[in-house]
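# give me coordinates for this.
(one chain, ligands or ions: 1)
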Amino acid sequence: MASSASTKLTVKLLIDSKREKVLFAEASKEVIDFLLNLLRLPLSAVIRLLNKDGMVGSLGNLYLSVENLNDTYMQPDIHKDVLLKPRAPISSQQFSALLPANGDDSDNHNVEASFYTCSNQHCTGAYNVTCDNKTICPHCRFVMTSKITYVGKKVAEDVFPNNSGFVKEVVTYMVMDDLVIQPMSTISSITLLNKFNVKEVGALQEKVVELGMTQGVDLLKASLQSKAVLTSVFLKNISAI
Ligand SMILES: [Zn+2]
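A predicted model of the protein is given here:
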C-alpha cells in the first residue's frame, strides 16, 4: 500500500465546449481498473465513502440504524462491523489510492488473514481454528491465541490473478460520459463525431485532468446519480447535482 500514495492518474477528456459536456475520456488501464473495481464495493462501503448525507435514497438511514443499534440486540457471534465495515475487495493496485481506506487498515489485508488455534498444549490434537483471537476453545475453554499462518495461495489468486487488475494494458480505453467503456482502437474518430452529433469540430477541446482521491469519490457518487458522470465530476462542481 505504501507506494500507492504517490499514484497520480490522469485522463484525457474530449470536451464539447459549446454544450459544456464531456464527450468521452481517454483512459489508461489503471483508470479502467478503478472504475471496474467500483462494481466490487459492498454497498455499506459505498455508504461510508459517500458519508450518509451524500447518499441518495434511504440506504444511509439503514446504515445509521445499524450504527445506532445497541450491541445487545445483535446475535452474540455477530459484530456490527460485519455490516458497517465489510471487508473491502483486495485493493493493492495503483487505483487503491483513489478511494479512502475502509477505516481499519487491518481490514485491507484480508488475504494475509491470521488464524488462531488453541494455546493449550493439551489441545493440539483438536485442530480447531478461528480468525478471531478472542474465541474460546470449545474443548478446554482456553482463549485461542496461538497464531498460525495461512500459506495457501489459492484465495489470493482467485481474487486477483497475478495481481494485475482487470483489463489488459495493450490499448487505451474510451470512457463515455455515462461510463460505457470500450477499447479506443475499435472506434474511428468520424464515427465518434457522428455519434455525438458534433457539428463544429472547432468547439471540441482536449483537456488532461488529474484523477486523485477527491475525483475518485466524486466519480463513485456521480455514478450512482447521473448519466453524465464525467461532465459532473470534471466540468461541474459535483455538489451542484
Ligand atoms: Zn483448547
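# name the nearest residue to residue 21, ignoring sequence neighbours.
Spatial nearest neighbour of residue 21, chain neighbours left out: residue 231 (5.2 Å); criterion: Cβ to Cβ, 6 or more residues apart in numbering. C-beta coordinates here come from the backbone N, C-alpha and C atoms, glycine included.
# how about residue 216?
Counting by Cβ to Cβ, 6+ apart, the residue nearest residue 216 is residue 98, at 3.2 Å.
# quick one: the one you found from the ion, how far?
Computed as Cβ to the ion, to the nearest Å, the residue 98 to the ion distance reads 44 Å.
# what residues are up against that residue?
7, 9, 34, 211, 212, 213, 215, 216 (Cβ atoms under 8 Å, 6 or more residues apart in numbering).
# what do you get if the cut-off is 6 Å, keeping everything else the same?
Residues near residue 98 by Cβ atoms under 6 Å, 6 or more residues apart in numbering: 34, 213, 216.
# sec struct for the residue nearest to residue 21, please.
With DSSP: H, G, I helix; E, B strand; the rest coil as the basis, residue 231 sits in helix.
# that one touches residue 23, doesn't it?
No. Using Cβ atoms under 6 Å, residue 231 makes no contact with residue 23, being 9.3 Å away.
# pLDDT score for residue 223?
Residue 223 is assigned 92 on the pLDDT scale.
# count the neighbours of it for me.
17 (other Cβ atoms under 10 Å).
# that one falls within a helix, correct?
Yes. Counting by three-state DSSP, residue 223 is found in a helix.
# how close does the nearest residue in space to it that is not next to it in sequence sit to the ion?
In this structure, residue 223 finds its nearest non-sequential neighbour in residue 229, 5.3 Å apart by Cβ to Cβ, 6+ apart. According to Cβ to the ion, residue 229 stands 54 Å off from the ion.
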